[in-house]
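Peer 1: Can you look at this prediction? I've put the sequence above it.
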Number of protein chains: 2
Amino acid sequence: MERREELLRAAARVYARHGYRGSTTRRIADEAGVNEITIFRQFGTKDTLIHEAIASCGMSGPLVELPKVPVDPHTELLQWATKLRSHICTTRSLMRRCMSERDEHPQLSASANRGPMRAAAELQNYIGRLQTHGFITGDVEAKAAAAMLIGTVFSDAMGRDAMPDIYPSPVAAAVELYTTLILRALGVSAVGAHPIGASV
Amino acid sequence: MERREELLRAAARVYARHGYRGSTTRRIADEAGVNEITIFRQFGTKDTLIHEAIASCGMSGPLVELPKVPVDPHTELLQWATKLRSHICTTRSLMRRCMSERDEHPQLSASANRGPMRAAAELQNYIGRLQTHGFITGDVEAKAAAAMLIGTVFSDAMGRDAMPDIYPSPVAAAVELYTTLILRALGVSAVGAHPIGASV
DNA sequence: GTCGTAAGCAAGCACCCACTTGCAAAAGTG
DNA sequence: CACTTTTGCAAGTGGGTGCTTGCTTACGAC
């Protein structure tokens, strides 16, 4: 079954480059180094091939995790945001395609959204833990802050190549600034702050 | 020349819905209520029609402006961000398409990017003015903060319909939270703060 | 051996696509 | 009226596209 997986990966690659309509069965077969008929014998239809491709090898990247017990929020968040950004960059073109073709192929978009949604949940929970462990005093809308950091990193990863002027350079410094600003917005004091009412 | 403009608008609409490859000359002609040949007589090529369509009636929306002299940063920013969000929502599908087809049609993406780039410049300057007028003490990276607010609003406008769970609801409250958080990150004190070293 | 399964090759079908040609109907301008 | 411009209609061309059919080759299991 080696051909099958090769076809799936090739289909995902071609789809990312050319979209649904541009992903002709001939092109995918060429990309996979396989005869076109093999596609129809294995999957029956171009449609099922592409759907399986996006669902399986689409965005199967492992979830980047944040620590269960926050110790150094700035360092932890910076590392997480950096990894998130590079992961988005990897699946960038695929996500762009899925987003733009959502009306025509909703299932593809649904598959592509799983990554960002898991990231958002992870970050939201982490901010909640920051509160639990006393890094944040007073109540704070964790959902809004999470949406901001993820939205910022997402927009940076998606738009920097097309509009480099509107983002700080270099990338590492930009992510550092985003992290710092979000923590300041959340009222987390400077790096190395000690939890004051930590319960664990 | 009424047909010509009608064709341009129809082409932009069809392109937003179906992308470049899906924008067949027949579909555009039908959408405009015009014979297909008229397209080729007026524009010669499908390619020039679509490029002219995106360049002209693509995102010609008037720039949303921020006040030259900031008085109430929270109110001003909130109003601006709200307008920006609804403007992005209007041109959402068109921008999605242009973004995803950037490799194949760079000029379309370039046209689509003008809006966000102008918005970023406007916000960046405004944050600079906040500093000039004493709303912010100490130096602050205006570019990063501007990228954050715009990135957040952009991501909210683009992703909320597909992933409503990761954004605060309702929309108005979300934008309000984004504004508040960005101002807190910038060190602008609460609503109604008075400029302390205003020079004008 | 032989039998089922997966893969290849060549050809083709019906349809869609961008674009062309030839000709006729308007519609405004001198 | 004559003349130009614009638009419409009908038909067609060469090429791409999803998918099918018929036939052949390799390979592992029994």
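Peer 2: Received the coordinates, thanks. Numbers count the residues shown, from 1 in each chain, chains lettered A, B, ... in the order given.
Peer 1: From residue A:47, how far out is the residue nearest to residue A:46 when sequence neighbours are not counted?
Peer 2: Of all residues not flanking residue A:46 in the chain, residue A:25 sits nearest, at 5.3 Å (Cβ to Cβ, 6 or more residues apart in numbering or on different chains). From N, CA and C alone the C-beta is placed, and that goes for glycine too. According to Cβ to Cβ, to the nearest Å, residue A:25 stands 11 Å off from residue A:47.
Peer 1: neighbour count winner among those two?
Peer 2: Using other Cβ atoms under 10 Å in any protein chain shown as the criterion, residue A:25 and residue A:47 rank with residue A:25 on top: 19 against 12.
Peer 1: Now do the same for that one: its pLDDT.
Peer 2: For residue A:25, the model assigns a pLDDT of 97.
Peer 1: looking at it, it is touching residue A:45, isn't it?
Peer 2: No. Contact status for residue A:25 versus residue A:45: not in contact, 9.5 Å apart, counting by Cβ atoms under 8 Å.
Peer 1: Can you list the buried residues in the top helix by length along chain A?
Peer 2: In chain A, with assignment by DSSP state H, the single longest helix is helix A:106-132. Neighbour-count burial for helix A:106-132, counted by 16 or more other Cβ atoms under 10 Å in any protein chain shown, picks out A:108-113, A:115-117, A:119-120, A:122-124, A:126-127, A:129-132.
Peer 1: what ranges do the helices span in chain A?
Peer 2: A:2-22, A:25-32, A:36-43, A:46-53, A:73-90, A:92-100, A:106-132, A:142-159, A:171-186.
Peer 1: Please tell me how far residue A:43 sits from residue A:105.
Peer 2: In terms of Cβ to Cβ, residue A:43 sits 16 Å off from residue A:105.
Peer 1: again with residue A:179
Peer 2: Residue A:179 sits 35 Å away from residue A:105, going by Cβ to Cβ.
Peer 1: so how many other residues sit close to residue A:170?
Peer 2: 9.
Peer 1: okay, it: pLDDT?
Peer 2: pLDDT at residue A:170 comes out at 97.
Peer 1: Same question for residue A:58.
Peer 2: Residue A:58 carries a pLDDT value of 59.
Peer 1: ok, now which ones touch the closest residue in space to residue A:104 that isn't next to it in sequence?
Peer 2: Spatial nearest neighbour of residue A:104, chain neighbours left out: residue A:20 (6.9 Å); criterion: Cβ to Cβ, 6+ apart. Contacts for residue A:20 (Cβ atoms under 8 Å, 6 or more residues apart in numbering or on different chains) come out as A:50, A:97, A:101, A:104, A:105, A:108.
Peer 1: so how far is DNA strand D from the nearest residue to the third one once chain neighbours are set aside?
Peer 2: Closest residue to residue A:101 apart from its sequence neighbours, by Cβ to Cβ, 6+ apart: residue A:20 at 5.7 Å. As judged by Cβ to the nearest atom of the strand, to the nearest Å, residue A:20 and DNA strand D stand 8 Å apart.
Peer 1: Look up how far residue B:76 lies from residue A:20.
Peer 2: Remark: distance between residue A:20 and residue B:76 (Cβ to Cβ) = 43 Å.
Peer 1: go on, residue A:55?
Peer 2: Noted for residue A:55: a distance of 45 Å to residue B:76, by Cβ to Cβ.
Peer 1: ditto for residue A:184
Peer 2: Note on residue A:184: its distance to residue B:76, by Cβ to Cβ, is 21 Å.
Peer 1: give me phi/psi at residue A:187?
Peer 2: Main-chain torsions, residue A:187, degrees, to the nearest 10: phi 80, psi 20.
Peer 1: tell me the pLDDT at it?
Peer 2: On pLDDT, residue A:187 comes in at 90.
Peer 1: Can you give me the neighbour number for the nearest residue to it once chain neighbours are set aside?
Peer 2: Closest residue to residue A:187 apart from its sequence neighbours, by Cβ to Cβ, 6+ apart: residue A:136 at 5.6 Å. Burial of residue A:136 is recorded as 23 neighbouring residues (other Cβ under 10 Å).
Peer 1: Do I have it right that residue A:136 meets residue A:188?
Peer 2: Yes. Between residue A:136 and residue A:188 there is a contact at 5.9 Å, judged by Cβ under 8 Å.
Peer 1: what about stretch A:21-30, start to end distance?
Peer 2: Taking Cα to Cα, to the nearest Å, stretch A:21-30 runs 16 Å from one end to the other.
Peer 1: That one near DNA strand C anywhere?
Peer 2: No. Residues of stretch A:21-30 are not located near DNA strand C by Cβ under 7 Å from any atom of the strand, the shortest gap being 7.7 Å.
Peer 1: quick one: contacts of that stretch?
Peer 2: With Cβ under 8 Å, 6+ apart as the test, stretch A:21-30 has contacts from A:7, A:10-11, A:14-15, A:18, A:35-36, A:38-40, A:46, A:49-50, B:19, B:21-22, B:104.
Peer 1: of those, buried ones?
Peer 2: Neighbour-count burial (16+ other Cβ under 10 Å) applied to these gives A:7, A:10-11, A:14-15, A:18, A:38-39, A:46, A:49-50, B:19, B:22.
Peer 1: Among the residues you listed, which one sits closest to DNA strand D?
Peer 2: Distance to DNA strand D across those (Cβ to the nearest atom of the strand) is lowest for residue A:46, with 3.4 Å.
Peer 1: Could you measure from that closest one over to residue A:111?
Peer 2: With Cβ to Cβ as the criterion, residue A:46 and residue A:111 are 17 Å apart.
Peer 1: what about residue A:146, distance to DNA strand D?
Peer 2: Distance, residue A:146 to DNA strand D, using Cβ to the nearest atom of the strand: 39 Å.
Peer 1: List the residues that contact that residue.
Peer 2: Neighbour list for residue A:146: A:120, A:123, A:124, A:127, B:166 [criterion: Cβ under 8 Å, 6+ apart].
Peer 1: and the last one, what is it in contact with?
Peer 2: For residue B:166, the residues meeting the contact criterion (Cβ under 8 Å, 6+ apart) are A:116, A:117, A:120, A:121, A:124, A:143, A:146, A:147, A:150, B:159.
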